[in-house]
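**Student:** Next comes the sequence, and after it the predicted model I'd like to discuss.
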Amino acid sequence: MDLQLAGNTALITGPAKGMGAAITLAFAKEGCNLALIGRDVAAIEPVAAEARRMGRTVTVATCDLTDTEHCQAVVDAATSAFGRIDVLVNIAGGAGPMGKTGWETTRHEFDEIVTLNMAGCFNTMRAVLPGMIARGEGRIVNVGGTFGMRGRAGRMAYSASKWGLRGMTKSMALEAGPHGINVNLVAPGMVAGERFRTKVLPTLAAKLGITHAEAETRHAEEYALRRITEDADVANACLFLASPVARQITGVDLPVDGGWAAL
């Protein structure tokens, strides 16, 4: 299927590594030019270089996503460089405190992750939407998480931030829909990336006295499809929702987790 993304400009936050890099390069492969923003420009540059080798035009800018004025300035610069922003993909976010109950979580820890995971997306959406509204089209994809669909003990602050992002996504979809703009959310489950291999599996293996391979099997058995999500699975979901072929889909939460959150 032709996703009809070739020639579009996608502004992507958090493109430097792991799932973010995979999503970014998937858009490049589909023919999108890229405006890449994040805190660490040096970490983004290798991804930008790979996209340029595909023949794409790419800009890279540092951005504090929690700063409303900084986000506006970066979006304005990207719009000036490319003429328009067709797609916004909000990947950047944080994990917050792990293994803490709600009453053990400090106010600072709570505020920090909620600000990053919610206000960061709010700031970029707020900045790109006027241009999209003026053209009468545009697509926004926010990357949330399945802990924002079912909750998770020991991850209260993170879950709260992702639940809030879902509400923001749905409200923005209702507000922007009459202007021809789609706003959706992709919710990855556990992804077989660096953190999964170096932290999650070793922790579970040590706790249960089993091998890493056995720990991976234990994780997979939690999902209907009995397999762990890969970066490419999340990237494909983002591509679909960001493309014109998904023109009649807006305000949805799409879990990409092998059937953990929805079943």
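**Tutor:** Happy to help now that I have it.
**Student:** what mean pLDDT does stretch 132-143 have?
**Tutor:** The average pLDDT within stretch 132-143 is 97.
**Student:** Give me the distance between the two termini of it.
**Tutor:** Stretch 132-143 has an end-to-end distance of 20 Å (criterion: CA to CA, to the nearest Å).
**Student:** Then stretch 204-216?
**Tutor:** With CA to CA as the measure, stretch 204-216 spans 9 Å from end to end.
**Student:** And for it, what's in contact with it?
**Tutor:** Stretch 204-216 has contacts (CB atoms under 8 Å, 6 or more residues apart in numbering) with 201-202, 218-219, 228. From N, CA and C alone the C-beta is placed, and that goes for glycine too.
**Student:** now swap in stretch 54-69 and tell me
**Tutor:** With contacts defined as CB under 8 Å, 6+ apart, stretch 54-69 is touched by 13, 28-29, 31-41, 44-45, 48, 51-52, 70-71, 74, 77-78, 81-82, 92, 115-116, 119-120, 123-124, 126.
**Student:** got the CA positions of that stretch in CSV?
**Tutor:** Presented in CSV, the C-alpha positions along stretch 54-69 are these (Å, rounded to 0.1, in the frame of the first residue of the first chain):
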residue,chain,number,x,y,z
MET,A,54,18.2,8.4,1.7
GLY,A,55,17.9,11.7,-0.1
ARG,A,56,15.8,13.5,2.5
THR,A,57,16.1,17.1,3.6
VAL,A,58,16.6,17.2,7.3
THR,A,59,16.9,19.9,9.9
VAL,A,60,18.0,19.4,13.5
ALA,A,61,17.3,21.8,16.4
THR,A,62,17.7,21.7,20.1
CYS,A,63,14.5,22.2,22.0
ASP,A,64,13.3,22.2,25.6
LEU,A,65,9.9,20.7,25.1
THR,A,66,8.7,21.9,28.4
ASP,A,67,9.3,25.6,27.4
THR,A,68,6.3,26.9,25.4
GLU,A,69,8.2,29.8,23.8
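**Student:** list the buried ones in that stretch?
**Tutor:** Neighbour-count burial for stretch 54-69 flags 56, 58-61, 63, 65 (criterion: 16 or more other CB atoms under 10 Å).
**Student:** Among these, which one lies nearest to residue 183?
**Tutor:** Distance ranking of the buried residues of stretch 54-69 against residue 183, using CB to CB, places residue 65 first at 17.4 Å.
**Student:** What is the nearest of the contacts of stretch 204-216 to residue 182?
**Tutor:** Scanning the contacts of stretch 204-216 for proximity to residue 182, where the rule is CB to CB, the winner is residue 228, at 28.7 Å.
**Student:** Dihedrals phi and psi, the nearest residue to that closest one once chain neighbours are set aside?
**Tutor:** The shortest distance from residue 228 to any non-neighbouring residue, by CB to CB, 6 or more residues apart in numbering, is to residue 192 (4.5 Å). Dihedral pair for residue 192: phi -80, psi 60, per degrees, to the nearest 10.
**Student:** residue contacts, residue 192?
**Tutor:** Residue 192 makes contact with 228-231, according to CB under 8 Å, 6+ apart.
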